[in-house]
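Engineer: From the sequence below, what's the structure:
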Amino acid sequence: MKYHANEIEAKWQQYWAKNQTFVATQPSAEIPNAFEVQKPKYYVLDMFPYPSGAGLHVGHPLGYIASDIVARFKRHKGFNVLHPQGYDSFGLPAEQYAIQTGQHPEKTTRENIARYREQLDRIGFSFDWSREVQTSNPDYYKHTQWIFIQLFNSWYNKSTDKAEDISALITIFEMAGNATIQAVCDDDVEIFFPSDWSFYSDEKKQQILLKYRLAYLAETEVNWCPALGTVLANDEIVNGVSERGGHSVIRKKMTQWSMRISAYAERLLQGLETIDWSESIKESQRNWIGKSVGATVNFTMQDTEGSIAVFTTRPDTIFGVTFITLAPEHELVAQITSETQKEAVEKYIESTSKRSERERMADVKTISGVFTGAYAKHPFTGEPIPVWIGDYVLAGYGTGAVMAVPCGDERDYAFANFFKGQDGMPEIKNIFNQDISTEAYSSKEGFQLVNSDFLNGLGYKDGTQKAIEALERINRGKGKTNYRLRDAVFSRQRYWGEPFPVYYVNGLPQMIDAKYLPIILPEVEKYLPTEDGQPPLGNATTWAWDSVNNKVVSNDLINSNSDLSSRAQSRDSDATIFPLELNTMPGWAGSSWYWMRYMDAHNENELASADAIKYWENVDLYIGGSEHATGHLLYARFWNKFLKDKGYAPTEEPFKKLINQGMILGMSAFVFRITINVELESGESIEELLILDEKYLSNKSFAGQYYIDEDGSFRVKLEGFLFEKYGKTKKYIYGQSQAIHVDVSLVNSSEELDEEGFKKWRTDYQSAFFLRDDKGRLNVIREVGKMSKSKYNVVNPDDICNDYGADTLRLYEMFLGPLEQAKPWNTAGITGVYSFLKKLWRLYFDDNGLIVANDVPTPEMYKSLHKTIKKVTEDIENFSFNTSVSQFMICVNELATLKCNHRKILEPLAIIISPYAPHIAEELWSQLGHEGSISTVAFPICEEKYLVESEKEYPVSFNGKMRFTIKLPLDLSVAQIQEIVLADERTIKQLEGKTPNKIIIVPGKIINLVG
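Structural biologist: Numbering: from 1, shown residues only. Predicted coordinates:
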């Protein structure tokens, strides 16, 4: 009976689907003692996949396989396992495809999801598909819209350190104004008293409340991508261009929805200490949050109105301030710039607007800036301090201004020396009793302050405290804790995203009542922005809100005086039809709470029932890529903390343990091309393409080096070819060598290119000349890198499943190496794993069928089994999956050598391999005569008695040299061991009739006969 992987896998995948094998049990408060008798829960989750049109490649399932092993193991251990799956189905790629083809994103997304589902099912994951969610489904984004409304109707109370309902804030305003309230709000909030509040118009009150709401509308510096027609988050920009398409990104101000995530900065920071995440991910979030303790200092302008607020972590260096640098986007720049500097400043602002914030933060080498021509006054001495602008200062961090102390900061030191001697750059002031002739003194230790007035003689700690006290005394600054974390822009100028549940009255946002949700994405004729620059929803003809009948209606019904583009509305008090928000929510909206929806995926009225949330609590194990460290993982923690404040989430943190799987790398293949310009005698010029074997390259670099022949063989062979083709020519002009990707499917195991296949694939090379090696082959160059469609190095898991089976794929991906590490894919290595499964199968079957017997196993058989049970249990609990696969192979080899076909060994063996190779395990279990699925059978327990060694194979040495080994019981005494060894024929032969002078015996270790 042979092992037919595809038949077995199809059979059991159908069984699992039909019998809903992996559906998690949902306890209910309506059933008495339901929670008490329920199995312990375990919630394991993979990061939401985006269903791209390309489908899965073999790198994608790595984390899914690991989480599936844990989920299956926990079921064997008696847990009620929730292991759901769904799709983060809103996204820019589907919209871009819609723009190109006119096809609705919903259609392409639906087709892509069907393809993903087919591939995921083929690999045999134990997902609870009954809980599948898609963020683009109205029954899902209805709740995303509801969360947005809760955020809009909330403020952050510093006194209670939590979000509270906006009604409580209004009550405080009515009773006491805002002078003493401890709230997170905009920096430009004006102080008012109860009497003021009572006289404010309703519009004025709404405008003030927007400065406190956790979801608010404000003019914000954003990353604008003209080519994509939308705002991008920082994590959507790579190396200064859009991650999608590689388009340029500029900074500009736009009125946008934002989330006041900054209110949660300290809780996000402290929460990292309570969760089991890798230190690298925690450190990424700590750096992104960027907590720093210092002071704000106000520098008044010398000749103009206004002042510059600066945050500094070194107030002790206040007397070393040499200049001030503003971010190019700082609101004061235009106001304070002198006429003589205006042109230079404007030119500089334009050039820096083309660089993203991340690019500016990462670029520590480039020094650039412009003097504004303005001066501020030192808060203590009153002396003039020149004001510059420089792109190393960011408008969104701190106050968008820095007080530059070159003697104590390397970047300020470099900036001052770079512009030394120019107008507006004074000599560097030294305030330390240290030498700064070659570099800044940036340490906080080992110095005393000099040239610092009342701070002279002090160090960092005392100087900081005294400086803050002095600033507060003269009302020119105060101590402050600052965070780099900025509020998250929440608007996108896209079509394919969640619509906001917002309409506008007199230009101010109003929330649609939650009972009328969802507000469904409208149909549009075009997915591009409108001709007047509005987002794609501006193309919708039915996108207005009837506030009387509470429904979406035609835009034609809006009062003709309305102006949708400015979100304005006629001030006619009788108006009832209002414009809806034209932006959509960002891609991270739906993924910021989805783990809660899985707890109760079909609840029409709530995110999830209180019972379900209480039972499942949060995710026990979360697996996904580290690239989400400062995006999804931060936003998800923020939303979870907010939902806890509002009583909807039971825990502070959504994910107890996080594992970041490494990347499976592709083996890219390259050939090299050279363009040769052939000038004929007739004067005609012809371009030839040459594809050459790598042996002809003098430089193996992919940087496009000029060819330099060393022995002339290349030139002789090539010019001979050209002469045959064209006859006598004037000259040949050789271009540069250029590496071009080759589809890896066109390369055989000997690294040789299939030339005919290559020509069919790349028809533009059909007439190219292929210069082969001496054996007539054209060999490729290999490079290990990211697996991607653009590099033509993608391996489709369907092909592996077709050829070897899903269990082979699952085992091989785990066998490649530790889960967290990157590792290269090599299809050639998969045959070894496939052979292992066939060897496993042969323990149970021969050509005639099942050979399992009820005989009593030998101690060696028990030892091999229980050694494997122990190892696999420990490995799964420690997420060391690769070493489990190695142990399986060792065990099967041992049992095969022992000719084991014993039921008491082979039944538990099928169970312990089940999490890794579930299809073959199910079939073995069924063939052994069991009903139902193996998936919930109790996992075998290691019995240590079988691991106790009863014998020891001793090395027997003569004068320190080992001559043979002998296996002896471990309970023998020294005298017994000596008697046996001396009587052994091999000992007698070695001694040649002599009596040893000394016999050294260490029980359980060594035997050494001396002399």
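Engineer: where do the strands sit along the stretch 151-300 of the chain?
Structural biologist: Using DSSP state E, counting those that start in this stretch, the strands of the stretch 151-300 of the chain run over 154-157, 162-165, 215-225, 230-232, 237-238, 241-242, 250-259, 291-300.
Engineer: okay, those in CSV with distance to residue 899, mean neighbour count and mean pLDDT next?
Structural biologist: C-beta: built from backbone N, CA, C; applies to glycine. Below are the strands of the stretch 151-300 of the chain laid out as CSV (distance: least, C-beta to C-beta, whole Å; neighbours: other C-beta atoms under 10 Å; pLDDT from 0 to 100):
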stretch, distance to residue 899, mean neighbour count, mean pLDDT
strand 154-157, 70, 23, 98
strand 162-165, 67, 18, 98
strand 215-225, 67, 20, 85
strand 230-232, 64, 25, 77
strand 237-238, 58, 17, 76
strand 241-242, 63, 18, 80
strand 250-259, 66, 18, 87
strand 291-300, 65, 18, 95
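Engineer: Between the ones you listed, which one is closest to residue 662.
Structural biologist: Proximity to residue 662, assessed across the strands of the stretch 151-300 of the chain by C-beta to C-beta, is greatest for strand 237-238 (19.5 Å).
Engineer: Now do the closest one: distance to the chain's middle.
Structural biologist: On the basis of C-alpha atoms, centre = their mean, to the nearest Å, strand 237-238 sits 13 Å off its chain's mean C-alpha point.
Engineer: Extract the CA atoms of whichever strand or helix holds residue 637 and return them as PDB.
Structural biologist: For residue 637, the host element (DSSP states H and E) is helix 632-645. What follows is helix 632-645, C-alpha atoms only, in PDB (Å, rounded to 0.1, in the frame of the first residue of the first chain):
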ATOM      1  CA  HIS A 632      -0.300  47.900  12.900                       C
ATOM      2  CA  LEU A 633       1.100  46.700  16.200                       C
ATOM      3  CA  LEU A 634       1.100  50.200  17.700                       C
ATOM      4  CA  TYR A 635      -2.400  51.200  16.300                       C
ATOM      5  CA  ALA A 636      -3.900  47.900  17.500                       C
ATOM      6  CA  ARG A 637      -2.500  48.500  21.000                       C
ATOM      7  CA  PHE A 638      -3.900  52.100  21.000                       C
ATOM      8  CA  TRP A 639      -7.400  51.000  20.000                       C
ATOM      9  CA  ASN A 640      -7.400  48.200  22.500                       C
ATOM     10  CA  LYS A 641      -6.500  50.500  25.300                       C
ATOM     11  CA  PHE A 642      -9.200  52.900  24.200                       C
ATOM     12  CA  LEU A 643     -11.800  50.100  24.000                       C
ATOM     13  CA  LYS A 644     -10.800  49.000  27.500                       C
ATOM     14  CA  ASP A 645     -11.300  52.600  28.800                       C
END
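Engineer: Mind giving me the packing neighbours of it?
Structural biologist: Where contact means 3 or more C-beta pairs under 8 Å, 6 or more residues apart in numbering; DSSP states H and E, helix 632-645 is packed against helix 138-152, strand 162-165, helix 265-271, helix 279-289, strand 655-660.
Engineer: Would you reformat those as CSV and include distance to residue 962?
Structural biologist: Listed next are the helices and strands packed on helix 632-645 as CSV, based on distance: least, C-beta to C-beta, whole Å:
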stretch, distance to residue 962
helix 138-152, 70
strand 162-165, 71
helix 265-271, 58
helix 279-289, 46
strand 655-660, 45
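Engineer: Ok, which of those comes nearest residue 409?
Structural biologist: When the helices and strands packed on helix 632-645 are ranked by proximity to residue 409 (C-beta to C-beta), helix 279-289 comes first, at 18.6 Å.
Engineer: which strands and helices sit next to the closest one?
Structural biologist: helix 265-271, helix 632-645.
Engineer: what do you get if the cut-off is 6 Å, keeping everything else the same?
Structural biologist: helix 265-271 (3 or more C-beta pairs under 6 Å, 6 or more residues apart in numbering; DSSP states H and E).
Engineer: The helix it packs on packs against which elements?
Structural biologist: Judged by 3+ C-beta pairs under 6 Å, 6+ apart, helix 265-271 is in contact with helix 279-289.
Engineer: what's the angle between the helix holding residue 637 and strand 655-660?
Structural biologist: Between the axes of helix 632-645 and strand 655-660, defined by axes from the mean of the first three to the mean of the last three C-alpha atoms, to 10 degrees, the angle is 180 degrees.
Engineer: Point out where the stretch 101-250 of the chain drops to low pLDDT.
Structural biologist: 235 (pLDDT under 70).
Engineer: Pull up the pairing partners for the lengthiest strand in the chain, direction included.
Structural biologist: Longest strand of the chain, by residue count under DSSP state E: strand 664-680. Sheet pairing here is set by DSSP bridges, and for strand 664-680 it gives strand 685-692 (antiparallel), strand 729-742 (antiparallel), strand 781-786 (antiparallel), strand 823-824 (parallel).
Engineer: quick one on the thing from earlier: quick one: which of the strands of the stretch 151-300 of the chain is nearest residue 197?
Structural biologist: When those are compared by C-beta to C-beta, strand 154-157 sits nearest residue 197, at 15.1 Å.
Engineer: How far off centre is that closest one?
Structural biologist: 29 Å.
Engineer: re earlier: need the residues that contact the helix holding residue 637.
Structural biologist: Residues outside helix 632-645 that contact it (C-beta atoms under 6 Å, 6 or more residues apart in numbering) are 162-163, 261, 264, 267-268, 588, 591-593, 649, 652, 654.
Engineer: any idea where the helices of the stretch 451-600 of the chain begin and end?
Structural biologist: 460-473, 594-597 (DSSP state H, counting those that start in this stretch).
Engineer: As a markdown table, these with mean pLDDT would be great.
Structural biologist: Formatted as a markdown table, the helices of the stretch 451-600 of the chain follow (pLDDT from 0 to 100):
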| stretch | mean pLDDT |
| --- | --- |
| helix 460-473 | 96 |
| helix 594-597 | 97 |
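Engineer: Between those, which one is closest to residue 890.
Structural biologist: Of all the helices of the stretch 451-600 of the chain, helix 594-597 sits nearest to residue 890, with 38.0 Å by C-beta to C-beta.
Engineer: ok, and what's touching the closest one?
Structural biologist: Contacts of helix 594-597 (C-beta under 6 Å, 6+ apart): 45, 48, 133, 607, 608, 619, 654.
Engineer: Where does confidence bottom out across the residues you listed?
Structural biologist: Lowest in pLDDT among the contacts of helix 594-597 is residue 48, which has 88.
Engineer: and the closest residue to it other than its chain neighbours, what does it touch?
Structural biologist: Spatial nearest neighbour of residue 48, chain neighbours left out: residue 88 (3.9 Å); criterion: C-beta to C-beta, 6 or more residues apart in numbering. Going by C-beta under 6 Å, 6+ apart, residue 88 touches 48, 50, 135, 591.
Engineer: What is the burial count for the residue nearest to the third one when sequence neighbours are not counted?
Structural biologist: Spelled out, that is residue 135. The shortest distance from residue 135 to any residue other than its chain neighbours is 3.1 Å, reached at residue 590 (C-beta to C-beta, 6+ apart). Counted with other C-beta atoms under 10 Å, residues neighbouring residue 590 total 28.
Engineer: How about residue 44?
Structural biologist: For residue 44, the count of nearby residues is 25 (other C-beta under 10 Å).
Engineer: what element comes up after the helix or strand it falls within heading to the C-terminus?
Structural biologist: Assigned by DSSP H and E, residue 44 belongs to strand 41-46. Moving toward the C-terminus from strand 41-46, the next helix or strand (DSSP H and E) is helix 61-76.
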